[in-house]
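**Q** One predicted model, sequence on top.
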Amino acid sequence: MNGRSDIETRVIRGFAWADLAITLPFALPFIAEAVISLIYFIDRWLGFDTPSIMFEAGPFGLMFVHIMGVLGVVWALTRLRRPEADFARMDARARLAVTALILYAIALGATPVLWLFVISEVAGSAAQFAVLRKKRV
């Protein structure tokens, strides 16, 4: 068991599976474009009508989307294979940094649909910090 509780392992792996599901589509050409289109479809459906200027730039912007997706997949697979407390701590901190970047993008005019990602990042960070804290107490 390597000093990990079952709940700690389940939480770490649970968020790794969620990350894999969320980032894998962004790693794949054509699918990433469809996901981005879906985000903007939801944006319009909710009445935000946020312009999609950044992704009208073409392959250069999408290259960064794919790189983010690949890195997200690799990180998720690492935590699935080795659900260690140190990895969970790094992930929880990184989620807070990602949250700040998403909030910055929203402040600059990105679609408010990204609040869904903010919620998932904060939830993942809080859950992992909570199970890791219980272990120390």
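**A** Cool, the structure landed.
**Q** Isn't Phe26 up against Phe64?
**A** No - with contact defined as CB atoms under 8 Å, Phe26 does not reach Phe64; the gap is 9.9 Å. Backbone N, C-alpha and C define where each C-beta goes, glycine included.
**Q** need the helices for this protein, in chain order.
**A** With DSSP state H, the ranges of helices along the chain come out as 6-27, 31-45, 59-81, 85-107, 115-136.
**Q** Out of those, which gets nearest to Pro51?
**A** helix 31-45 (9.1 Å; CB to CB).
**Q** still on that earlier bit, quick one, which of Phe26 and Phe64 is more surrounded?
**A** Phe26 (22 against 11; other CB atoms under 10 Å).
**Q** And for Asp43, the neighbour number?
**A** Neighbours of Asp43 (other CB under 10 Å): 19.
**Q** I meant to write Pro59 there.
**A** Counted with other CB under 10 Å, the neighbours of Pro59 add up to 8.
**Q** any idea how far it is from Glu33?
**A** 10 Å (CB to CB, to the nearest Å).
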